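Peer 1: sequence and predicted structure, then a few things I'm wondering about:
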Amino acid sequence: TNAEAKICSIGPAGETLSLTACVINDKHRAAGRSGVGAVMGSKNLKAVVFRGTRSVKVAQPQAFMGACLTAVAKLKGDPAAGAGLPMYGTPGIVNVINAHGFMPTNNFQFGQFTGAERISGETIRDEILTRNKGCFACTIACARVTEVKAGKFKGSGEGPEYETVWGLGAMTGVSDLAAVTKAGYLCNELGMDTIEAGVAIATAMELFERGYIPEREIGRSLRFGDADALVEMTEKLGRGEGFGAILALGGARVAERYGHPELFMGVKKQAFAAYDGRGAQGMALGYATSNRGACHLRGYTISAEVFGVPQKVDPFTIEGKAAMSKASQDVTAFVDSTGACLFTTFALEPADIHAMLELATGVGYTLDEVLQIGERIWNLERLFNLRAGLSSKDDTLPRRILEEPIPAGPAKGKVARLGEMLPEYYRLRGWDPQGVPTQEKLRELDLP
């Protein structure tokens, strides 16, 4: 039946080849970063519809189910996976990150957002949440099904997530929850990544406020904190209409177009996520070295720097951050390749995921082998980037993050100390000082 079919599709953003476009899975789940929706659009591919009719065979069914039940018990007993995420969803960390002083605000001009409470997970739960929702077979169910019942921004849908309330909220200075939620709904409906869309708009806001974009080109004023402008620009961006066609180029190219590339906050033309690397040094290194451009989900050192998983470390120190970033990146690459959600790693260790993988496949993986799989993936991606023309010069951060200290709050005075961490990171990776994997490392990983 139609109810059993699943759909991966793009919207107008992908059809018009917007570089903010993503692929939406079943209305609300997004393959969000790096413009993959534009790749489908460039091939005139609107959607992929599929329906499975056969069972999935596993090598040792009873033992596999036992390992799964053990994992589920760990998830349910974990403060994040078993309590915080189900209760408040990912926006439950808004107040936490803001309190640490590295919630990027007004295009990273500040490290704290005065309107954080208005877009927090607690406020979402109190004012617009209708129910929780989980991906298939998920015991966490962190997704928010919401409804704005009245006003000019009324509507219903899924979200907003943490990155959404940041990208469309704090990043643009907008604390109107209804407006931020509406902009998030529009991103889902039009097929856009909420991070890239929000950063593109925030970049344009700073360019406008500094006088670098004339109002006649936008068709209206575009200032931080303007809820109406946020919603209007989000829709125009998604449809590629008017100034939205320029925003659809993404924040990096908007900043370049108006002569101030330094005002784009990202790496390798991909936007930062919702953590200021001046305050969380591990994230600064992770952003700079991520193979797909700035990304928080390819090495989430915030797990240790804020939440103490697997152990609490000082977010401001650089000591040990190179080793932490490498380990986090390698483990994440392995976990991502299994299809498991990264949120499970708040409670599960690599050994838990390895146990389920081995019992499901019967391949004969050892724990050491699966961890090396993650390292091999990371190095293979690095080789691809090098052959595509990227180099160690691209493992950098915007001038603002490297040279302009956070002006106030708990992280006041901090800048990203990337230059002190990067050489050690390269050494620990088995790369030369130019960030190229050595022949010894390639032989160790059996890579060409």
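Peer 2: It's in. Please read these numbers as outputs of a predicted model, since none were measured by experiment.
Peer 1: residues contacting A204?
Peer 2: Going by CB atoms under 8 Å, 6 or more residues apart in numbering, A204 touches 213, 218, 222, 233, 243, 246-247, 254. Just so you know, the C-beta spots here come from the backbone N, C-alpha and C atoms, and that holds for glycine as well.
Peer 1: check what pLDDT V309 gets.
Peer 2: pLDDT for V309: 89.
Peer 1: hmm, it is touching S303, no?
Peer 2: Yes - under the criterion of CB atoms under 8 Å, V309 makes contact with S303 at 4.6 Å.
Peer 1: name the residues contacting each of these two.
Peer 2: 345-346.
Peer 1: and these two? Which one has more around it.
Peer 2: The residue with more neighbours, out of V309 and S303, is S303; 20 against 17, by other CB atoms under 10 Å.
Peer 1: residues touching the helix or strand where the more buried one lies, excluding its own?
Peer 2: In this structure, S303 sits in helix 302-305 according to DSSP states H and E. With contact meaning CB under 8 Å, 6+ apart, helix 302-305 is reached by 97, 275, 280-283, 296, 309-315, 324, 328, 345-346.
Peer 1: that helix: what's the following helix or strand?
Peer 2: Sequence-wise, the next helix or strand downstream of helix 302-305 (DSSP H and E) is helix 321-338.
Peer 1: that next one - what's its average pLDDT?
Peer 2: In this model, helix 321-338 has a mean pLDDT of 96.
Peer 1: so how far is that helix off the chain centroid?
Peer 2: Distance of helix 321-338 from its chain centroid, counting by CA atoms, centre = their mean, to the nearest Å, is 15 Å.
Peer 1: what's it packed up against?
Peer 2: helix 281-289, helix 350-361, helix 367-387, helix 418-429 (3 or more CB pairs under 8 Å, 6 or more residues apart in numbering; DSSP states H and E).
Peer 1: can you do 10 Å?
Peer 2: With contacts taken as 3 or more CB pairs under 10 Å, 6 or more residues apart in numbering; DSSP states H and E, helix 321-338 sits against helix 281-289, helix 302-305, helix 350-361, helix 367-387, helix 418-429.
Peer 1: so which of these is the most packed in?
Peer 2: Among the helices and strands packed on helix 321-338, judged by mean count of other CB atoms under 10 Å, the one packed with the most neighbours on average is helix 281-289 (a mean of 29).
Peer 1: could you give the angle of it to helix 418-429?
Peer 2: Helix 281-289 and helix 418-429 are oriented at 70 degrees to each other (axes from the mean of the first three to the mean of the last three CA atoms, to 10 degrees).
Peer 1: sorry, back to before: out of the contacts of helix 302-305, which end up buried?
Peer 2: 97, 275, 280-283, 296, 309, 313, 315, 324, 328, 345-346 (16 or more other CB atoms under 10 Å).
Peer 1: residues contacting R29?
Peer 2: Residues in contact with R29 (CB atoms under 10 Å, 6 or more residues apart in numbering) are 8, 22-23, 133, 135, 143, 158, 188.
Peer 1: what about 7 Å?
Peer 2: For R29, the contact set (CB atoms under 7 Å, 6 or more residues apart in numbering) comprises C135.
Peer 1: swap in L190?
Peer 2: Here L190 is in contact with 11-13, 238-239 (CB under 7 Å, 6+ apart).
Peer 1: for D368, state which of these is nearest.
Peer 2: Taking CB to CB as the measure, D368 sits nearest to A13 out of the contacts of L190, at 42.6 Å.
Peer 1: and the helices in the stretch 151-300 of the chain?
Peer 2: Secondary structure of the stretch 151-300 of the chain (DSSP state H, counting those that start in this stretch): helices at 162-167, 177-190, 194-209, 215-218, 227-239, 244-247, 251-257, 281-289.
Peer 1: chain center to the fifth one: distance?
Peer 2: So that's helix 227-239. Using CA atoms, centre = their mean, the offset of helix 227-239 from its chain centre is 21 Å.
Peer 1: the fourth one now?
Peer 2: The chain centre lies 31 Å from the centre of helix 215-218; the measure is CA atoms, centre = their mean.
Peer 1: the last one too?
Peer 2: Between the centre of helix 281-289 and the centre of its host chain there is 13 Å, according to CA atoms, centre = their mean.
Peer 1: report the angle between that helix and helix 321-338.
Peer 2: Going by the same axes, to 10 degrees, helix 281-289 is angled at 60 degrees with respect to helix 321-338.
Peer 1: helix 281-289 - contacts with which helices or strands?
Peer 2: helix 321-338, helix 418-429 (3 or more CB pairs under 7 Å, 6 or more residues apart in numbering; DSSP states H and E).
Peer 1: so what's the backbone phi/psi at T139?
Peer 2: The phi and psi values for T139, taken as degrees, to the nearest 10, are phi -100, psi -10.
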